[in-house]
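Participant: Kindly return the folded structure for what I paste below:
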Amino acid sequence: MKCLKGLILVVSILLMVSLSSAQEIAEKEVSSETSVQEEVTTTQKEVSLLTPTESTTFSPTLFIFDEEKSEVTYLTKKTSHPRSTLSSTLTKLIRGGKPVYKITQAGKGDYDKYENITWTVEAEMEEKDGFLLPNYSIHTLVDNSGKIIVKYEKNYDYNKEKISYTATDANGKVLKNNTFPMKGKTVDDFTMVSFLRKFIPHLNEEGYKTYYLLTSEPKLYKIDIKVIGEETLELPAGKIETIKIRIIPDLGVLTGVAKAMVPPTYLWFTKKEPYMWVQYEGLECGLGSTHIVNYVTQSQPPLPK
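Facilitator: Got it, this is the predicted structure:
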């Protein structure tokens with residue numbers, strides 16, 4: 001970005017105060033947007049076959065199947081080079097007569113500032129007031145020797161209306177330990193996609209325009225949802241009719257500055273029920289991380305077209 005030196009100084013000061021490490025964000029990754037079709041045609045499309053599921057029923061209120069499996073490819077936005085792959089499963093369980101949903105994920109490749117690693121995610125979500133909200137999530141990064149790099153744990157206490165965050169190293173030493181107030185509907189990086197599916201059939205309705213996001217920095221952001229419109233994607237999973245939304249962190253007076261400095265974040269969901277997630281574009285895991293695109297290459301049940 002070719003800005004006057006005075007403007008750069010003002011922006012830098014503002015972001016250092018409110019966004020901590022935001023100076024890393026604008027390292028020229030905000031490139032001109034290319035079409036989704038151009039992105040996916042340059043990627044490798046070989047993925048493992050998914051095991052079919054017998055159940056094709058889904059919750060009529062949440063639009064979530066009893067079991068969903070997907071394979072996901074990650075690209076670096078600037079170069080369109082493959083970055084990593086991910087296998088994800090969402091399974092409906094019954095506990096105490098109530099449905100809960102367990103998320104398990106396994107990734108391999110580059111993630112955050114780490115190269116050639118593996119990682120796992122375990123999370124649980126529960127139906128509350130017609131939404132799918134998290135109970136906990138555990139994200140573990142492992143190096144190629146099998147040693148834990150860092151483990152992030154987030155726990156949601158709805159009775160005390162607080163969220164606890166802990167980051168530990170391979171020896172269990174606490175690196176960070178934070179507590180956040182629960183200001184409203186709140187999710188994290190790994191539960192956000194399932195949570196947002198409830199928003200698609202209610203976009204622009206009151207009560208379906210905002211939520212809170214807890215990142216691994218850790219930071220808690222209020223998020224505004226903006227409907228971009230309908231878009232047809234050509235993906236390895238097929239030609240999919242989608243609804244595209246943009247999520248925008250509400251940073252008060254600095255929101256406009258952040259929009260100019262931080263790559264925009266978009267998500268695509270199928271236009272038809274059960275509004276399954278299709279694609280994401282934005283920062284990988286918080287401020288200062290890589291600008292990525294990731295999308296579903298295979299899904300079971302199949303994505304509705």
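Participant: Low-confidence ranges, the stretch 51-200 of the chain, go.
Facilitator: For the stretch 51-200 of the chain, the stretches flagged by pLDDT under 70 are 51-56.
Participant: pretty sure Pro99 contacts Leu90?
Facilitator: No - assessed by C-beta atoms under 8 Å, Pro99 is found out of contact with Leu90, at 11.9 Å. Heads up, the C-betas are built off the backbone N, CA and C, glycines and all.
Participant: partners of the strand or helix carrying Thr120, with directions?
Facilitator: In this structure, Thr120 sits in strand 114-128 according to DSSP states H and E. Applying DSSP bridges to the sheet, strand 114-128 is found paired with strand 98-111 (antiparallel), strand 131-142 (antiparallel).
Participant: Deepest in the core, which of the ones you listed is it.
Facilitator: Comparing the strands paired with strand 114-128 by mean neighbour count (mean count of other C-beta atoms under 10 Å), strand 131-142 ranks first with a mean of 20.
Participant: starting at the chain centroid, how far to that one?
Facilitator: Centroid separation for strand 131-142 versus its chain: 11 Å, with C-alpha atoms, centre = their mean, to the nearest Å.
Participant: go on, stretch 263-274?
Facilitator: With C-alpha atoms, centre = their mean, you get 11 Å for stretch 263-274.
Participant: What residues of it count as buried?
Facilitator: Pro263, Pro264, Thr265, Tyr266, Leu267, Trp268, Phe269, Thr270, Lys271, Pro274 (16 or more other C-beta atoms under 10 Å).
Participant: how near is the second one to Lys226?
Facilitator: Pro264 sits 10 Å away from Lys226, going by C-beta to C-beta, to the nearest Å.
Participant: Touching both of these two, which residues are there?
Facilitator: Contact criterion C-beta atoms under 8 Å, 6 or more residues apart in numbering; residues shared by Pro264 and Lys226: Arg246, Ile248.
Participant: The closest residue to Pro218 other than its chain neighbours: how many residues sit nearby?
Facilitator: Once flanking residues are discounted, Pro218 sits nearest to Tyr165: 4.6 Å by C-beta to C-beta, 6 or more residues apart in numbering. Per other C-beta atoms under 10 Å, the neighbour tally for Tyr165 reads 21.
Participant: Next up, phi/psi of Tyr165, please.
Facilitator: phi -130, psi 130 (degrees, to the nearest 10).
Participant: Hmm, it is touching Leu214, no?
Facilitator: Yes - Tyr165 is within contact range of Leu214, at 6.9 Å (criterion: C-beta under 8 Å).
Participant: joint contacts of these two?
Facilitator: Looking at what touches both Tyr165 and Leu214 (by C-beta under 8 Å, 6+ apart), the common residues are Lys154, Phe180.
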